[in-house]
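Novice: with the input below, show me the fold.
(2 chains)
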Amino acid sequence: MSAPSRHSPHAPAPDGNGRKPAALTTRWEALWLLFQRLRPARWSAYVRDHWIGKPLVTALPMTWLVLFFMVPFIIVFGISFSQSVLAIPPYEPLWSWVDDKVLALRLHLGNYDYLFTDTLYLSSYLYSLKVAAVSTLLCLGLGYPMAYGIARAPPARRNLYLMLIILPFWTSFLLRVYAWIGLLKNNGVINNVLMWLGVIDQPITMMQTDFAVYIGIVYSYLPFMILPLYSNLEKHDRTLLEAAADLGSRPWKAFLRITVPLSVPGIVAGALLVFIPAVGEYVIPSLLGRTDQLMIGRVLSDEFFANRDWPVASAVATAMLILLVVPIMIFQRYQSRELAHK
Amino acid sequence: MAETRSKTPEPWLDPHAEAYVRIENVTKRFGNFVAVNNVSLRIFKGEIFCLLGGSGCGKTTLLRMLAGFEQPTSGSVFIDGQDMAGIPPYERPVNMMFQSYAIFPHMTVAGNVAFGLEQEGLGRAEINQRVADILDIVKLGEYAKRKPHQLSGGQRQRVALARSLVKRPKLLLLDEPLGALDRKLREHTQFELLSIQEKLGVTFVVVTHDQEEAMTLSSRVGVMNRGEIVQVGTPRQIYEFPASRFVADFIGSVNLFEGQLTEDEHDHVRVKCEELAAPVFVDHGMSAPPLALCWVAVRPEKIVLGRERPEGTDNWAHGVIRDIAYLGDMSVFVVRLDSGREVRVTQANRTRKPEEQFSWDEPVYLSWDASSPVVGLN
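Specialist: I've put the predicted structure just below:
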């Protein structure tokens, strides 16, 4: 620690240069001494000694979360108990003054009830869960070997490979999904090539299918699976596998019994990073997906923008959040368990 | 330790004895770097053989070739008469205790120990029995359900030992087995290792850079330097009769002098050293060309300090005490000879009387027995 603490004998004192304070001749010297006493080293010592640092550090993310997550959520949560009206904003205020004396609060639970009565919502929820789950499994199946390969590559090459994984992010997500339309459509690249090769004589319908949605989601979210898996696998101690081999375990068995269990935190992190945004995915199913079966993100946006039913849209959003909170909690439990091991 | 233990006559003295491990002209190259250079060794059943050397001398590479993690560039390794070429680690009758212990962090102590037995496809009941037995031997019976991160360093070391012993290997390889333990625990564990080795009759090959560890543990020591075995022998042989200047210097502390052979008779040699006032007289002959340049090594504990000039013309020197380190059981003196050369001398602290102790800047005579110095040419 180079910064002298307040009681350190090395702290610049007024007579630090062997000069008495009374000997101050110029105003500049006085200013210089004042600056010395107030210089940042002292401030940081003050911050450290008075425990300002820790709250200061946590205050920033807390403020961020309150402003951009909690406040909007409370607003949405409030609207979900309101009723749709033709006005601006298009919902009834939750409370009103009755005779200018009594503050009345009116909560409609009907919006939530409606989510269960109209099968559109439930089937969209289930379909979203299914799409997200299948996409997550596909990402895991594809991403695990890739992450493993990168983690086992010579250290000098790992960064290059990681770079290549992240490289598509330089292009806008929307453009990349549009590019898939060009590949998948009936007169798109894939069908044309297959027909030219003579493999098929009728174009295969790939657009507006689950297949196209899986392709889109897996393609877009694969890096989110690979990166946490890589950062886990890269830390694995290779002598553990040598020890397993030494104890008579064949390589694939050592992989199953040592590498896979030790990479569970990475699998969980990657799976949640894919699953959670995939549940609420809007762009990919809208551009590539089925028209007869919507995902919940699409329902939400339709309800909000096309239908202008903000209360029902808010109820959908609230329900979706609750749907996603459960996986997040599982994730956090894993993380804290892993931290406890260290 | 080694001498009291071996009840059978030393098998390495018998030219017809069958070696359990035979390393024949093994060389291992990594790119241009020669890690192990044309090493041949014979290790016998029931031995504790130590590979001793500084870091980067190739001892660990040699051990890893025995375990099967590295393949020799040339030469061959035989274990129990079988050529090990191309046999993967998981099919070798060998187990290894890793320097880092390599304990599986996600398994309990019992799970770690059982792992090797599960690979053999044994029944659950037998596995449990054998795990319990070996955990008792290493005194970890109560810790079977613990996870590795709940154990101390010494306990982890014993888990690693139990895990490598539970498969009842004929040959156990130990890579710096005591390296991570503190001094007290090391000494204790050394003797535990010896008693376990004796009980189970396993052949140990131990890699260590710690000569004290090599001395107390081993039946024989192979000293390695730059990928080559420079001397193989019992700890006593290596210490008292180093075959080269490197070994003399590497094992224990030693005072080395350059000199020239002035007399080379069948029963003695006399060496003239620039740095010593009197010639060095050694009571055995050697075969060397006349007036050959040689080195003379005298161990610090073989030198006697005195206030009077020793009788005779040989084997003494005169100097001034420059430094004293009091270690309790003995003291280490650094004596500057009249030639300017500094020499280490250790003396047992036999009495508690202060007047008999030597003190700083005191002029002293150094002398040693005619059987003490080692003379060598290379």
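
Novice: quickly note the distance from B:M96 to chain A.
Specialist: Using C-beta to the nearest C-beta, to the nearest Å, we find B:M96 at a distance of 5 Å from chain A. (Glycine included, C-beta is placed from N, CA and C.)

Novice: what about the nearest residue to A:G110 once chain neighbours are set aside, distance to A:F116?
Specialist: Excluding its sequence neighbours, the residue lying closest to A:G110 (C-beta to C-beta, 6 or more residues apart in numbering or on different chains) is A:Q83, at 7.7 Å. For A:Q83, the distance to A:F116 equals 18 Å [C-beta to C-beta, to the nearest Å].

Novice: show me how far stretch B:280-299 is from its chain's centre.
Specialist: Centroid displacement of stretch B:280-299 relative to its chain, using C-alpha atoms, centre = their mean, to the nearest Å, is 26 Å.

Novice: gap between the two ends of it?
Specialist: 14 Å (C-alpha to C-alpha, to the nearest Å).

Novice: what are the buried residues along that stretch?
Specialist: For stretch B:280-299, a neighbour-count test (16 or more other C-beta atoms under 10 Å in any protein chain shown) marks B:V280, B:F281, B:V282, B:M286, B:C294, B:W295, B:V296, B:A297, B:V298, B:R299 as buried.

Novice: A:Q83 and A:F116: who's more crowded?
Specialist: Neighbour count, other C-beta atoms under 10 Å in any protein chain shown: between A:Q83 and A:F116, A:Q83 has more, with 18 against 10.

Novice: next up, phi/psi of the more buried one, please.
Specialist: Dihedral pair for A:Q83: phi -130, psi 150, per degrees, to the nearest 10.

Novice: try B:M107
Specialist: Phi and psi for B:M107, reported as degrees, to the nearest 10, are phi -110, psi 150.

Novice: now the nearest residue to it once chain neighbours are set aside: which helix or strand?
Specialist: Residue nearest to B:M107 in three dimensions, not counting chain neighbours: B:F115, with 6.9 Å by C-beta to C-beta, 6+ apart. Using DSSP states H and E, B:F115 sits within helix B:109-119.

Novice: what helices or strands is that helix leaning on?
Specialist: Applying 3 or more C-beta pairs under 8 Å, 6 or more residues apart in numbering or on different chains; DSSP states H and E, we find helix B:109-119 packed against helix B:124-137, helix B:153-165.

Novice: tell me the contacts of B:R163?
Specialist: A:A243, A:L247, B:I103, B:N112, B:V113, B:F115, B:G116 (C-beta atoms under 8 Å, 6 or more residues apart in numbering or on different chains).

Novice: near chain A, which residues of chain B?
Specialist: B:67-69, B:88-91, B:94-96, B:98, B:100, B:102-106, B:115-116, B:119-120, B:147, B:149, B:163-164, B:167 (C-beta under 8 Å from any C-beta of the partner chain).

Novice: which among those residues end up buried?
Specialist: B:67-69, B:89-90, B:94-96, B:98, B:102-104, B:106, B:115-116, B:119, B:147, B:163-164, B:167.

Novice: picking up where we left off before, farthest-separated two in the buried residues of stretch B:280-299?
Specialist: Checked with C-beta to C-beta, these reach their widest spread between B:M286 and B:R299, with 18.4 Å between them.

Novice: excluding chain neighbours, what is closest to A:Y112?
Specialist: Nearest non-adjacent residue to A:Y112, counting by C-beta to C-beta, 6+ apart: A:A315, 5.3 Å away.

Novice: any idea how far A:V299 is from the one you found?
Specialist: Counting by C-beta to C-beta, the gap from A:A315 to A:V299 is 11 Å.

Novice: more neighbours: which of those two?
Specialist: Neighbour totals were compared for A:A315 and A:V299, and A:A315 leads with 28 against 24 (other C-beta under 10 Å).

Novice: which residues does the residue nearest to B:M107 contact?
Specialist: Counting by C-beta under 8 Å, 6+ apart, B:F115 has contacts A:A244, A:L247, A:S249, A:R257, B:F104, B:M107, B:R163.
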